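Participant: Sequence and computational prediction follow.
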Amino acid sequence: MSQKLIELKHHMRSVGNIQNTTQTMSTVAAAKLARCKRKAVSLRAYVERMREIVSTQSAYLYDLGESSPLFKQKDFGSKIMVVVITSDIGMCGSYNGQICRVAQTFMEKKEAKGNPVGVWSKGIKGEEFFRRKTKYRVDGYDSWSPEGVALNDAVKLLYTMNNLYMSNEVKELYCAYTKFHSTVKREPKIIRIFPIGMDTLVWGKEHKFQEWIYEPGPHDLLGELIPIYMQTQIFELLLESYASEQGARMMAMEEASDRAEATLRELRVHYNRIRRDLVTLDLLGILSAAKVIEKEAVSSTAF
């Protein structure tokens, strides 16, 4: 019985350590989410305005390919490349699994139409998923920086995407990411990055053509806007995905802390019940011994 109490103490200590760890991870994720959320929310308006400007300028040009080769639909190549944004570590619930399965379904549909498909992962978990659980070969992957998301990360990822698209094999390039709405709502999405087309830009029916005077020319202006627009768009995708990851981890660690607390309560009740039984047995032993001593005392007095 005493050995069982020792085992219960060790079990309670282990569960307590796990609870401390999950609470710490939840607090760290909440702090990272707060910082990333502010960046993501402030960037959304800027990206939308940039998208509107690029869309407006593109509408006045008949040959967008003169401004940037990224507008051209490539005549060569048949491969579809999908860049999947995941995390480097787990403990974030179904965050990685959701975006990987959405990307896998998208890739299977493209492959069913006769297009070879490739995958490139931003995040170690995405590389592990497609290497271990799917038939698709991972063309490359990159991990996250310890600081989270910086503009240099967006520039680096855009450079990688551009190199992938400009290869002779790749016809179109898509990005699978998770859009952040709140800590309890995240939306896996897939958008086309290259070639840039009017379907990927904002274009409303209410737009009214106006006469524009360009200095420099419209192609030169759009050629300057496209790199800035693409950098901000990729930066936004990274921020949305990182915020979704931290929100998912915060929720997962809070749930784990609650389960650990419930387990600790059950263990304490079990521990106290065993201690009560041991105390009861000790008292019964003491009473039995007292009665025996009393009987012996009476017998000695009688003689």
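Facilitator: Noted; the coordinates are in hand. In this text, all values refer to a predicted model and were calculated from it rather than measured experimentally. Numbering: from 1, shown residues only.

Participant: Which residue ranges of the stretch 1-150 of the chain form helices?
Facilitator: 2-59, 95-112, 124-133 (DSSP state H, counting those that start in this stretch).

Participant: Now do the shortest one against helix 95-112, angle only.
Facilitator: I take that to be helix 124-133. Interaxial angle, helix 124-133 versus helix 95-112 (axes from the mean of the first three to the mean of the last three C-alpha atoms, to 10 degrees): 50 degrees.

Participant: Name the residues of helix 124-133 that are buried.
Facilitator: Of the residues in helix 124-133, 124, 125, 126, 127, 128, 129, 130 count as buried by neighbour count, 16 or more other C-beta atoms under 10 Å. Quick note: C-beta positions are derived from backbone N, CA and C, even for glycine.

Participant: Looking at the residues you listed, which one is closest to residue 233?
Facilitator: Distances from residue 233 to the buried residues of helix 124-133, taken as C-beta to C-beta, are shortest for residue 126 (19.7 Å).

Participant: Spatially, and excluding backbone neighbours, which residue is closest to that closest one.
Facilitator: residue 86 (3.6 Å; C-beta to C-beta, 6 or more residues apart in numbering).

Participant: Next up, the contacts around that neighbour.
Facilitator: 95, 96, 99, 100, 121, 122, 123, 124, 125, 126, 129, 241 (C-beta atoms under 8 Å, 6 or more residues apart in numbering).

Participant: Go ahead and confirm the second one touches residue 124.
Facilitator: No. Judged on C-beta atoms under 8 Å, residue 96 makes no contact with residue 124 at a distance of 9.7 Å.

Participant: Spell out which residues are contacts of both of these two.
Facilitator: What both residue 96 and residue 124 touch, as defined by C-beta under 8 Å, 6+ apart, is the set 86, 87.

Participant: that older thread, how near is the residue nearest to residue 126 to residue 138?
Facilitator: Per C-beta to C-beta, to the nearest Å, residue 86 is found 12 Å from residue 138.

Participant: any shared contact partners between those two?
Facilitator: Counting by C-beta under 8 Å, 6+ apart, the residues touching both residue 86 and residue 138 are residue 121.

Participant: which residues in the stretch 201-303 of the chain form helices?
Facilitator: Going by DSSP H, counting those that start in this stretch, the stretch 201-303 of the chain shows helices at 218-302.

Participant: got any ranges where the stretch 1-150 of the chain has weak pLDDT?
Facilitator: Residues of the stretch 1-150 of the chain that meet the criterion pLDDT under 70 lie in 1, 58-69.

Participant: ends of stretch 179-191, how far apart?
Facilitator: With C-alpha to C-alpha, to the nearest Å as the measure, the first residue of stretch 179-191 is 11 Å from its last.

Participant: same question but for stretch 135-154, I mixed them up
Facilitator: 28 Å.

Participant: Test my guess that residue 100 contacts residue 129.
Facilitator: Yes. Counting by C-beta under 8 Å, residue 100 does reach residue 129; the two are 4.4 Å apart.

Participant: Nearest approach to residue 273 belongs to which of the helices of the stretch 1-150 of the chain?
Facilitator: Nearest of the helices of the stretch 1-150 of the chain to residue 273, taken as C-beta to C-beta: helix 2-59 at 10.2 Å.

Participant: Compute the inter-axis angle for the closest one and helix 218-302.
Facilitator: Using the same axes, to 10 degrees: helix 2-59 against helix 218-302 is 170 degrees.

Participant: elements contacting helix 2-59?
Facilitator: Counting contacts by 3 or more C-beta pairs under 8 Å, 6 or more residues apart in numbering; DSSP states H and E, helix 2-59 is packed against helix 218-302.

Participant: Output the contacting helices and strands for the helix it packs on.
Facilitator: Secondary elements touching helix 218-302 (3+ C-beta pairs under 8 Å, 6+ apart): helix 2-59, strand 79-85, helix 95-112, helix 151-165, strand 170-182, strand 185-194.

Participant: Go again with 10 Å.
Facilitator: helix 2-59, strand 79-85, helix 95-112, strand 117-122, helix 151-165, strand 170-182, strand 185-194 (3 or more C-beta pairs under 10 Å, 6 or more residues apart in numbering; DSSP states H and E).

Participant: nearest to residue 268, of the ones you listed?
Facilitator: The nearest among the helices and strands packed on helix 218-302, by C-beta to C-beta, is helix 2-59 at 7.1 Å.
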